[in-house]
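>>> Please find the sequence and the predicted model below.
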Amino acid sequence: MRIACVIGCCLFCLGSSLPKSFVIQHKEIIVKGQTSLGGFECIYDNTLAGDTLFFERQVVENNSLDFFIPVADFGCGNFLLNSDFRKTLKAEEFPLCKVSVTHLFQGQNSIYGNIALDLAGKHLTLEKVVFNQEKGSLQGNVQLSFDQLDLQAPDRLGGLIKVEEMIELQINLFLEPT
C-alpha cells in the first residue's frame, strides 16, 4: 500500500512539473511553401518581450497572445517574392493580419492551443493545434490551403512558375530562460 502511494505521488508531481505560464521573450511567424522551382519562407520576427501565456487550468480573463502583423513586415528573401506575397495577401486592401494563440492547455502527451487567424479579410479558428516544446521555445505548425483562406495561389511567367496549394504556418514562441 505504501509503495502504491509513493508511486501515485511521484506520478502526480511529474504531471505538475510544467510551468503554469510561459513568459514569451520574442515571437516569430514563418509562412513556408513550395513552388515549381523550390521552396520559400516569409518571416515576421517580433523581439518585443514581456508577453505571458497561461495554461488553461488557471482562470485568466485574457488568456491570449496576439500578433498584429503588418503584411509589409514579412520578409521573403527578395523583392520579387516580397511583392508576390503582399499581392497574394491583398496587402493594399488588408494591410494587417492577426494571429492569436489562445486556450493553451496541457494534454496527455503534448501542449495544445487554439489559433485564431485573420488574414486578407478571412477569419479562421484552428482548434487543438499541437505546440512542441523545444529547448527554450514552443512551436506550433499548421497546414493551410489557399482555398481555406479564399486566396489565389500566385504564378509567374504565364503559369510556368506556380505555388503549390498547401502552405505551412509556423508559430515560434521563444521563452524567457528560467
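Nice, thanks for sending it over. Numbering: from 1, shown residues only.
>>> The nearest residue to residue 29 once chain neighbours are set aside: neighbouring residues, count only.
Once flanking residues are discounted, residue 29 sits nearest to residue 44: 4.5 Å by Cβ to Cβ, 6 or more residues apart in numbering. Every C-beta, even on glycine, is put in place using the N, C-alpha and C of the backbone. Neighbourhood size, residue 44 [other Cβ atoms under 10 Å]: 18.
>>> change the start of the numbering to 519 and stick with it
In the new count, where the first residue is 519, that last one comes out as residue 562.
>>> Quick check, pLDDT for residue 562.
Predicted confidence (pLDDT) at residue 562: the value is 91.
>>> Then the one 3 residues further on?
Confidence at residue 565, expressed as pLDDT, is 64.
>>> now do residue 574
Predicted confidence (pLDDT) for residue 574: 53.
>>> can you check the one 3 residues further on too?
On the pLDDT scale, residue 577 is placed at 37.
>>> gap between the residue nearest to residue 547 and residue 591?
Distance of residue 562 to residue 591, given as Cβ to Cβ, to the nearest Å: 6 Å.
>>> Repeat that for residue 684.
Going from residue 684 to residue 591 by Cβ to Cβ gives 24 Å.
>>> again with residue 666
Relative to residue 591, and taking Cβ to Cβ, residue 666 is found at 23 Å.
>>> Which parts of the protein are helices?
Shown for the chain, the helices assigned by DSSP state H span residues 520-533, 597-606.
>>> Lowest average confidence across the ones you listed, which one?
For these, mean pLDDT drops lowest on helix 520-533, to a mean of 41.
>>> Sketch out the low-pLDDT regions of the chain for me.
Within the chain, the ranges that satisfy pLDDT under 70 run 519-540, 565-581, 673-678, 695-696.
>>> one more time with 80
519-543, 554-555, 564-583, 621-622, 625-627, 652, 671-681, 693-696 (pLDDT under 80).
>>> ok, which stretches of it are strands?
539-553, 557-564, 569-572, 582-588, 614-624, 629-637, 640-652, 655-663, 673-674, 679-693 (DSSP state E).
>>> The last one relative to helix 597-606, how many degrees between them?
Strand 679-693 runs at 90 degrees relative to helix 597-606, counting by axes from the mean of the first three to the mean of the last three Cα atoms, to 10 degrees.
>>> Count the residues that sit near the residue lying closest to residue 629 once chain neighbours are set aside.
With sequence-adjacent residues excluded and distances taken as Cβ to Cβ, 6+ apart, residue 629 is closest to residue 649, at 4.6 Å. By other Cβ under 10 Å, 22 other residues sit near residue 649.
>>> Now do the same contact list for residue 649.
Taking Cβ atoms under 8 Å, 6 or more residues apart in numbering, we find residue 649 in contact with 622, 628, 629, 630, 631, 656, 657, 658, 689, 691.
>>> Understood, closing this out.
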